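Peer 1: Give me a model of this one.
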Amino acid sequence: MSDDVLLFPFGGNAREALACMLGPGAVARPAGFVDDDPDTHERECCGVPVLGGREWLSRMPYVRVLAVPGSPATYRKRADIIDGLGLARGRFATLVHAHASVARDVELGVNTLVMPGAFVGPGAVVGDHCLIMAGAVVSHDTRVGAYSIVAAGAVLAGFVTVGRGCYLGAGCRLREGVQVGDGALVGMGAVVLADVPPDETWAGIPARRLAEADA
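Peer 2: Below you'll find the predicted structure:
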């Protein structure tokens, strides 16, 4: 595989990933964006074009792929979208920005991006297809399940367990040892002091259940 990386789709996460690749401490070269929406195909970001639809993944078989869809509204679809690309596990890139701090014994999955200013402590495990966004803290011995997003400035204390396909909003705080169930969402700025069951949305200080996430 080359040092080039295709970014999918042409959304906010991918454009932030591009900024990581173009700025100080760049760790890969952007080959372009891939997006299934034809309306994006004439667009570009910072001089990097949208090449076209997912057919470009097969046209450039030796270029790695960073697939980073998902937002608070769509995070539960991440697994279907990423798996739907039909790529072998070894095709995905794993990128750690030079200005992030990741302990030597951390386990990082494929298609995981750690943005600048983030910290991942000793003994932590971050699964496949995760986003650890700028300034987030994943403390020692914490586990982040596959397809999860830890948004900017979120702080996870030690021994926290985050399930598969979760979204932890910007600036939230999780107490040591807290468990967040699969598919749960923690709102922006929330302070989580108790376990969050699967598929629930919690917000506030201290955080409380708002509603079940949409199926």
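
Peer 1: what about this protein, any weak spots by pLDDT?
Peer 2: Low-confidence segments of the chain, defined by pLDDT under 70: 1-2, 25-26, 211-215.

Peer 1: at 90 instead, please
Peer 2: 1-3, 19-28, 42, 70-75, 98, 211-215 (pLDDT under 90).

Peer 1: can you give me the helices in it?
Peer 2: For the chain, helices defined by DSSP state H occupy the ranges 12-22, 55-59, 78-83.

Peer 1: Please list the residues outside the longest one that contact it.
Peer 2: Counting contacts by C-beta atoms under 8 Å, 6 or more residues apart in numbering, the residues outside helix 12-22 that touch it are 5, 7-8, 26-30, 33, 45-46, 48, 66, 68-71, 95, 97, 113, 115-116, 131, 133-134. (Each C-beta comes from the backbone N, C-alpha and C, glycine too.)

Peer 1: ok, now the second one?
Peer 2: Contact partners of helix 55-59, identified using C-beta under 8 Å, 6+ apart, comprise 6, 8, 32, 34, 65, 85, 87.

Peer 1: Mind doing that once more with 6 Å?
Peer 2: Around helix 55-59, the neighbours that count as contacts under C-beta atoms under 6 Å, 6 or more residues apart in numbering are V34.

Peer 1: Buried residues, it. List them.
Peer 2: 56-57 (16 or more other C-beta atoms under 10 Å).

Peer 1: hmm, back to that, out of the helices of the chain, indicate the one that is most buried.
Peer 2: Of the helices of the chain, the one with the most neighbours on average (mean count of other C-beta atoms under 10 Å) is helix 12-22, at a mean of 20.

Peer 1: can you tell me which residue is nearest the centre of this protein?
Peer 2: In the chain, the residue lying closest to the centroid (C-alpha atoms, centre = their mean) is L131, at 1.6 Å.

Peer 1: Now do the same contact list for that one.
Peer 2: Counted by C-beta under 6 Å, 6+ apart, L131 has contacts 68, 113, 149.

Peer 1: what number of residues lie near the nearest residue to A207 once chain neighbours are set aside?
Peer 2: Counting by C-beta to C-beta, 6 or more residues apart in numbering, the nearest residue to A207 once its immediate chain neighbours are dropped is A190, at 4.1 Å. Residues lying near A190 (other C-beta atoms under 10 Å) number 25.
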